[in-house]
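A.B. asks: Here's a sequence, model it:
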Amino acid sequence: LIADGSRGPHEKLQPGSLMLSKLTGCPALPMTVSFSNCWRLKSWDKMMIPKPFSKAVVVYGSPVQISGDCDSAGLKEKRKELEATLHSITKFADNYFVKS
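C.D. replies: Predicted structure coming up:
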């Protein structure tokens, strides 16, 4: 399961993705993508549209398993963990093509 929801806010997990992970036993997977050259929309999600011939980088975080007996406090901790990972890998991906 990809952890980030499709309706925002940006880099915030939706409770449904964690609940689905809990119910199915399928781990939640933080992932992000960035491009060497793209248009960024001024929408809530800062959607990127790659320009022709741009390169892409896809970055995955470690899968997070959520056990079936995880309570609401446990889900809150898993959400914080996944959001921190999502923020970290997004920053890495966005800086991947930046020349130092």
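A.B. asks: Now for Ser34, how many residues are close by?
C.D. replies: Using other C-beta atoms under 10 Å, Ser34 has 23 other residues around it. C-beta coordinates here come from the backbone N, C-alpha and C atoms, glycine included.
A.B. asks: Could you confirm it falls within a strand?
C.D. replies: Yes: counting by DSSP: H, G, I helix; E, B strand; the rest coil, Ser34 is part of a strand.
A.B. asks: bridging residues for it?
C.D. replies: Note on Ser34: beta-bridge partners by DSSP bridges are Val57.
A.B. asks: So it is in contact with Ala93, correct?
C.D. replies: Yes: the criterion here is C-beta atoms under 8 Å, and Ser34 meets it with Ala93 at 3.8 Å.
A.B. asks: Which neighbours do these two have in common?
C.D. replies: Common contact partners of Ser34 and Ala93 (C-beta atoms under 8 Å, 6 or more residues apart in numbering): Val57, Val59.
A.B. asks: The helix ranked longest in the chain - what's its average pLDDT?
C.D. replies: The longest helix of the chain (DSSP state H) is helix 72-95. The average pLDDT for helix 72-95 rounds to 93.
A.B. asks: What residues sit buried inside it?
C.D. replies: Using 16 or more other C-beta atoms under 10 Å as the test for burial, helix 72-95 gives Leu75, Lys78, Arg79, Glu81, Leu82, Glu83, Thr85, Leu86, Ile89, Thr90, Ala93, Asp94.
A.B. asks: Most widely separated two among those?
C.D. replies: Between any two of the buried residues of helix 72-95, the greatest separation by C-beta to C-beta is 27.9 Å, found for Leu75 and Asp94.
A.B. asks: what does the longest helix of the chain contact?
C.D. replies: With C-beta under 8 Å, 6+ apart as the test, helix 72-95 has contacts from 3-4, 11-13, 15, 18-19, 22, 28, 30-34, 57-62, 64, 66-67, 70.
A.B. asks: Distance from the chain centre to that helix, please.
C.D. replies: Its chain's C-alpha centre and that of helix 72-95 lie 7 Å apart, by C-alpha atoms, centre = their mean, to the nearest Å.
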